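Asks: A predicted structure for the sequence below; I have some questions about it.
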Amino acid sequence: MRRLAILAAGVGLWALSALAFANVPIGAVVENVSLPAFAGGEQNFLSDTNVSVFIFFKPGQEHSNQAMAQITLLEKELADKPVHWCAIVSDRVPPAEVAAAIQTTGLTMPVVIDAGDALYGKLGVILHPVIGITDEHRRLVAYQPFAKVNYVAFIRAQIRHALKEITDEELAAVLQPTAAVLGGETSVAHRYFRLAEKQFQSTNYDQALANIQKSLEKNPTAEAHALRGRILAGQGNRAEAVAAFDAALKLDPQNPAPLAGLKAAKETAK
Amino acid sequence: MKANIVSQSTAISHGGRKIKLKRTALGAAVGLVLLALGFPVVAAVAKKDEAPPVPKMRKNDLTPLADVLKPVSAHSPYQDGDCSLCHQNKDRENPGPILKQINAICLDCHDDFAKVMARKSSHVPAKVNCVSCHNPHNSKQPKLLVEESEALCLSCHTAISNLVSNAKVKHDALTSGAKCVNCHNPHAANVEHLLTRLPYDLCVGCHGKDGVTDHDGKALTNIKKLLADYPHQHGPVQDKDCSACHTPHGGDNFRLLTKEYPAQFYSPYDPKLYALCFDCHEESMVKDPKTTTLTKFRNGDQNLHYVHVNKDERGRTCRACHEVHASQQIHQIRDAVPYGHTGYMLKINFTQTATGGSCAKTCHVTRSYTNSIAPLVLPVKTDAEPPKAP
């Protein structure tokens, strides 16, 4: 649902997602605020002109530590992109713990202090760690809680989508990856085809014919019929070779392999 | 995984000959494989300076099965006696060295694997050494595997092996059907950890059916059906991340939960009991008696999560009011709670309002709350242009 909301936002169909900040739906403009920086001074948690990535984290929390370490690497990977990064920590966390977390996770982005969890409450955060991504107009375009699987891939894709480097379809392909099932009949058929092809090349016609037959049983393609035709022609079985080339051309009338095979068979017959 | 490059001299007995070779980790794997295939000279393909960083590979005996043993699977070229497709000679008794590096030979016919191995997450042994897992001649196992599939995986993945062996709560997915391959693609996948799909899409393959039981025979919820009927879903469920709360290889907590979660309706407040929830949810939500930021379940600044949960004796646990996967009401609020020992379900009768809500004629008399106190004032940045309308 969250992913649908992101996609909807991407095409301008602002959809309220059940999974977003409690007080800021996907598509809403996030108010920028200036907060005390852990390193000193003040810091806006968002950019008014660039894509922003902001992360609420909790030092010492297992998921926060994992997230911050991974996000730090991602920040380095995307260092040449116009992205404003900011980590937000509650002022209830002792400074020594914040410093330790920064050191442990290798965090390099600016860290700002959320006094009284005011920003946390204003956005309706409820989780740690959680990431928000805003576009150049400060519209919330993505919300990403910690995930055990494909976490960085999701964030990277959402940032690149916000930067307009990838399309809605490319983002969808990352957020909902295609299944990677093993093997299948087509795959097995292809291996028999390749084996038959090699055996044909080494003039081992009998075994080549047996294997291309196995390939055809699993996946009768024009290429497989054409190879069967070439093997039969190699065996001197012109009549069956022509029938095989015809079968190939029925499936793919423009396929050059059976056309060439037929031509050769006709020339042989002259 | 980092390189485990070990330079050492090893004497290997092959066909009655003793062969001494210098090797790296990759050299060891490829060299041993090639030696097993009968070509000591080709071990030179894995020169130290060419070796990519790879983990330690399995060393398998890749000799064909003795004629008396009936193979379960056989490689077609071997079966056809077409040794010269991979070896220098066609002669089964004297095949000679292999023609190229092992994976290059495999990919000659299995060229569809180039696309497979280009996926985001790939298994290093599959990338560099097919014969880590497959015997290129024949095998007593399906798919030319050198060993039974689960044992094969666990022979390298020893941490998982230990977890599986020692887990108090077992997951039958590991020991039934295709075992590890129920969830993982041993070659490559588009999801991390070689998962064939995102966790939820995998889990509902089994947990999206009626009649599924746990390891002890207890009936399990049909999650697919539950989610179809209950629109308000927990964040990790919407995110398809079952592994946020469940550990798929086995564990010590009931329902394979990654951490402790209170099993009872009432419990004295102890943060340890809520370790699972506090992995993501802010603990101070139930620790601070007063708040205007940590939860919307408050009456003014009186934190009603604290009121319900944080008690020395009869604290209500998360499960008292919330469903864990999905519910008919927002915030995964339960429709009803178990009351007494007879299985009677007492309705919560929760109603949401614009500024809070109420629970009526339930564990207590009807009580309402409002969280609309004056909004917090934050230091708003004023020097920026207002954002343009979408």
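Replies: Looks like it arrived, so ask away.

Asks: which residues in the stretch 1-150 of chain B form helices?
Replies: B:25-37, B:76-79, B:102-109, B:113-116, B:124-128, B:149-156 (DSSP state H, counting those that start in this stretch).

Asks: same question, the stretch 101-250 of chain A
Replies: So, for the stretch 101-250 of chain A - with DSSP H, counting those that start in this stretch - the helices run A:118-123, A:151-162, A:168-175, A:185-201, A:205-218, A:222-234, A:238-251.

Asks: just name the most buried of those.
Replies: Comparing the helices of the stretch 101-250 of chain A by mean neighbour count (mean count of other CB atoms under 10 Å in any protein chain shown), helix A:222-234 comes out on top with a mean of 24. Quick note: C-beta positions are derived from backbone N, CA and C, even for glycine.

Asks: what's that one packed up against?
Replies: helix A:185-201, helix A:205-218, helix A:238-251, helix A:256-269 (3 or more CB pairs under 8 Å, 6 or more residues apart in numbering or on different chains; DSSP states H and E).

Asks: and residue B:95, which of the ones you listed is closest to it?
Replies: Among the helices and strands packed on helix A:222-234, the nearest to residue B:95 by CB to CB is helix A:185-201 (15.8 Å).

Asks: got a markdown table for the helices of the stretch 101-250 of chain A, with distance to residue B:115 and mean pLDDT too?
Replies: Putting these into a markdown table (distance: least, CB to CB, whole Å; pLDDT from 0 to 100) gives the following:
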| stretch | distance to residue B:115 | mean pLDDT |
| --- | --- | --- |
| helix A:118-123 | 43 | 94 |
| helix A:151-162 | 19 | 97 |
| helix A:168-175 | 15 | 95 |
| helix A:185-201 | 10 | 93 |
| helix A:205-218 | 18 | 96 |
| helix A:222-234 | 17 | 96 |
| helix A:238-251 | 23 | 95 |
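
Asks: columns distance to residue B:295 on top of those helices, output as TSV?
Replies: Listed next are the helices of the stretch 101-250 of chain A as TSV, based on distance: least, CB to CB, whole Å:
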stretch	distance to residue B:295
helix A:118-123	9
helix A:151-162	26
helix A:168-175	29
helix A:185-201	53
helix A:205-218	59
helix A:222-234	64
helix A:238-251	64
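
Asks: so for residue B:180, which of those sits nearest?
Replies: Nearest to residue B:180 among the helices of the stretch 101-250 of chain A is helix A:185-201; the distance by CB to CB comes to 19.7 Å.

Asks: helix or strand with the lowest mean pLDDT in chain B?
Replies: The weakest-scoring helix or strand in chain B, judged by mean pLDDT, DSSP states H and E, is strand B:8-14 (a mean of 32).

Asks: could I get the helices and strands packed on helix A:222-234 as TSV with distance to chain B?
Replies: Formatted as TSV, those follow (distance: least, CB to the nearest CB, whole Å):
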stretch	distance to chain B
helix A:185-201	4
helix A:205-218	5
helix A:238-251	20
helix A:256-269	17
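
Asks: of all those, which one is nearest residue B:341?
Replies: Among those, helix A:185-201 sits nearest to residue B:341 (CB to CB), with 56.1 Å.

Asks: and the closest one, what does it pack against?
Replies: helix A:205-218, helix A:222-234, helix B:76-79, helix B:102-109.

Asks: got a list of contacts for stretch A:99-113?
Replies: A:35-39, A:43, A:45, A:55, A:57, A:59-60, A:64-65, A:68-69, A:71-72, A:75-76, A:85-91, A:98 (CB atoms under 8 Å, 6 or more residues apart in numbering or on different chains).

Asks: just the buried ones from those residues?
Replies: Among the contacts of stretch A:99-113, those classed as buried by 16 or more other CB atoms under 10 Å in any protein chain shown are A:35, A:37-38, A:43, A:45, A:55, A:57, A:59, A:64-65, A:68, A:71-72, A:75, A:85-90, A:98.

Asks: quick check: the gap between the residue of the stretch 251-390 of chain B found nearest chain A and residue A:26.
Replies: Nearest residue of the stretch 251-390 of chain B to chain A, counting by CB to the nearest CB: residue B:293, 2.5 Å away. Distance of residue B:293 to residue A:26, given as CB to CB, to the nearest Å: 22 Å.

Asks: thinking again about what came up before, which SSE is the residue of the stretch 251-390 of chain B closest to chain A in?
Replies: For residue B:293, there is no host helix or strand (DSSP states H and E).

Asks: contacting residues around the nearest residue in space to residue B:207 that is not next to it in sequence?
Replies: Computed as CB to CB, 6 or more residues apart in numbering or on different chains, the closest residue to residue B:207 that is not its neighbour in sequence is residue B:223, at 4.7 Å. Going by CB under 8 Å, 6+ apart, residue B:223 touches B:203-204, B:207-208, B:325.

Asks: nearest to chain A, of the residues you listed?
Replies: For these, the residue nearest chain A by CB to the nearest CB is residue B:203; the value is 11.7 Å.

Asks: that closest one against residue B:245, yeah?
Replies: No. With contacts counted by CB atoms under 8 Å, residue B:203 stays clear of residue B:245, the gap being 11.3 Å.

Asks: these two: which is more packed in?
Replies: A side-by-side neighbour count of residue B:203 and residue B:245, using other CB atoms under 10 Å in any protein chain shown, places residue B:245 first with 23 against 20.

Asks: show me what contacts the nearest residue to residue B:314 once chain neighbours are set aside?
Replies: Nearest residue to residue B:314 in three dimensions, chain neighbours excluded: residue B:266, at 4.6 Å (CB to CB, 6+ apart). By CB under 8 Å, 6+ apart, the contact set of residue B:266 is B:313-317, B:320.

Asks: again, only this time at 10 Å
Replies: Residue B:266 is in contact with B:311, B:313-317, B:320, counting by CB atoms under 10 Å, 6 or more residues apart in numbering or on different chains.

Asks: distance of it relative to residue B:309?
Replies: For residue B:266, the distance to residue B:309 equals 10 Å [CB to CB].
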